[in-house]
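Chemist: Would you be able to build a 3D model of this:
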Amino acid sequence: MGYETCQGEYCNASYDELLTHVSPYAWAYMGIALGLGLSVVGAAWGIWLTGSSLVGAAVKAPRIRSKNLISVIFCEATAIYGVILAILLLSKIGDGSEVKAGVLPEDWNYNQWYFAGYALFSSGVGVGLTNVASGISVGIAGSSCALADAQDASLFVKILIVEIFASALGIFGIIVGIIQSNDAEFPSA
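Modeler: So this is what the prediction gives:
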């Protein structure tokens, strides 16, 4: 009973073995999926925050309905950043024909192979998490914009500028993600 260390031949003895036994293509695809998925989550969260306040404030001031839709568009931009990153990262992945045979060549560049997989993974996760933060901050700023605009129409442009700065987080995230994945290139056979 209790925790027993695996003693078999196919046991992972450490985390570095675990990390190197997962295909770099799997790391790359996980990064792409997380980048795209988290960006959509950030956009949805922001739209939920903005939309609920917009609908509630529109009861008092119906004139704000169409003007404040810009907040929803800013939230959707975070999802578009994730789509752009996914397309860029997918273009860096080869067709994987070198591993279909099951045996890699003797002179295979393992360092470049693993670097490419980890770089695409970290790029995707970084952009995804940045877009979650961007979506939430744009949603909060958009919610504030709708509520303030319902009270005083002169506040709309002032708060919209804050919302633009919140949206810039997503742009910074995708720039950093592109820089992270810039040197990632899977070797070819």
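Chemist: Determine the longest helix present in this protein.
Modeler: When the chain is parsed with DSSP state H, its longest helix is helix 110-151.
Chemist: Show me what it is packed up against.
Modeler: Helices and strands touching helix 110-151, by 3 or more C-beta pairs under 8 Å, 6 or more residues apart in numbering; DSSP states H and E, are helix 24-60, helix 64-67, helix 69-92, helix 156-180. C-betas here are computed from N, CA, C, even on glycine.
Chemist: Taking the centroid of this structure, which residue is nearest it?
Modeler: Residue closest to the average C-alpha location in the chain (C-alpha atoms, centre = their mean): G128, at 1.7 Å.
Chemist: which ones are touching the closest residue to that one other than its chain neighbours?
Modeler: Once flanking residues are discounted, G128 sits nearest to L38: 2.9 Å by C-beta to C-beta, 6 or more residues apart in numbering. Residues in contact with L38 (C-beta atoms under 8 Å, 6 or more residues apart in numbering) are 82, 125, 127-129, 131-132.
Chemist: Low-confidence ranges, this structure, go.
Modeler: 1-14, 96-102, 189 (pLDDT under 70).
Chemist: right, and A77 touches G170 too?
Modeler: Yes - the criterion here is C-beta atoms under 8 Å, and A77 meets it with G170 at 6.5 Å.
Chemist: which of those two has more neighbours?
Modeler: The neighbour comparison of A77 against G170 (other C-beta atoms under 10 Å) goes to G170, with 30 against 19.
Chemist: how near is the more buried one to G126?
Modeler: 12 Å (C-beta to C-beta, to the nearest Å).
Chemist: Same question for A86.
Modeler: 13 Å.
Chemist: Quick check, F186 in contact with F115.
Modeler: No - under the criterion of C-beta under 8 Å, F186 makes no contact with F115, lying 9.5 Å away.
Chemist: more crowded one of these two?
Modeler: F186 (20 against 17).
Chemist: State the phi and psi torsions of the more buried one.
Modeler: Note on F186: backbone dihedrals following degrees, to the nearest 10 are phi -70, psi 130.
Chemist: quick one on the thing from earlier: so which of the contacts of L38 would you say is closest to E17?
Modeler: V125 (21.6 Å; C-beta to C-beta).
Chemist: mind listing what the closest one touches?
Modeler: Per C-beta under 8 Å, 6+ apart, neighbours of V125: 31, 34-35, 38.
Chemist: Distance to E106 for those residues - can I get that in CSV?
Modeler: Shown next, in CSV, are the contacts of V125 (distance: C-beta to C-beta, whole Å):
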residue, distance to E106
G31, 29
L34, 34
G35, 34
L38, 39
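Chemist: Thanks again, I'm all set now.
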